[in-house]
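Undergrad: heads up, no residue letters with this:
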């Protein structure tokens, strides 16, 4: 049963997707994958030295349509393949910044969207 508040949350999700051009990504778990709708948040690149090399990382957060995950909840080892306009990048799902050992945060109260934290590593 949907409620007016659930409808508002769904409308918000659809509006966010449209404002960002309806982007999609491939969410992978082992040999299985799902095509998911998402909304990217600001990327945070960082570089540091390691073993006489520079390692560059990019932390990102994406809002993802929960229904697109088809029953999956993000977990360790999952990846997200996303084309940011500069080519496809593979991001590894990581624990959320403030939530200990969880890999996602619910957005709202009606299971419409979640936020996932991911990291891309380049040597």
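TA: Yep, that arrived. Just so we're clear, the structure is a prediction, and the values are computed from it rather than from any experiment.

Undergrad: can we go C-alpha only for contacts and neighbour counts from here?
TA: Will do.

Undergrad: What does the residue of the chain most remote from its centre show for phi and psi?
TA: For the chain, the residue at maximal distance from the C-alpha centroid (CA atoms, centre = their mean) is residue 52, at 31.4 Å. Main-chain dihedrals, residue 52, degrees, to the nearest 10: phi 60, psi 20.

Undergrad: and the gap between it and residue 119?
TA: 22 Å (CA to CA, to the nearest Å).

Undergrad: With residue 23 instead?
TA: 18 Å.

Undergrad: Looking at those two, which one has more neighbours?
TA: More neighbours surround residue 119 than the other of residue 23 and residue 119, with 19 against 16 (other CA atoms under 10 Å).

Undergrad: List the residues that contact the residue nearest to the more buried one when sequence neighbours are not counted.
TA: Spatial nearest neighbour of residue 119, excluding adjacent residues (CA to CA, 6 or more residues apart in numbering): residue 59 at 4.5 Å. Applying CA atoms under 8 Å, 6 or more residues apart in numbering to residue 59 gives the contacts 43, 44, 45, 117, 118, 119, 120.

Undergrad: and those, which are buried?
TA: Buried members of the contacts of residue 59, scored by 16 or more other CA atoms under 10 Å, are 117, 118, 119, 120.

Undergrad: a markdown table please, covering the residues you listed and showing secondary structure.
TA: As requested, the buried ones among the contacts of residue 59 are arranged in a markdown table below (DSSP: H, G, I helix; E, B strand; the rest coil):
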| residue | secondary structure |
| --- | --- |
| 117 | strand |
| 118 | strand |
| 119 | strand |
| 120 | strand |
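
Undergrad: No more questions from me, cheers.
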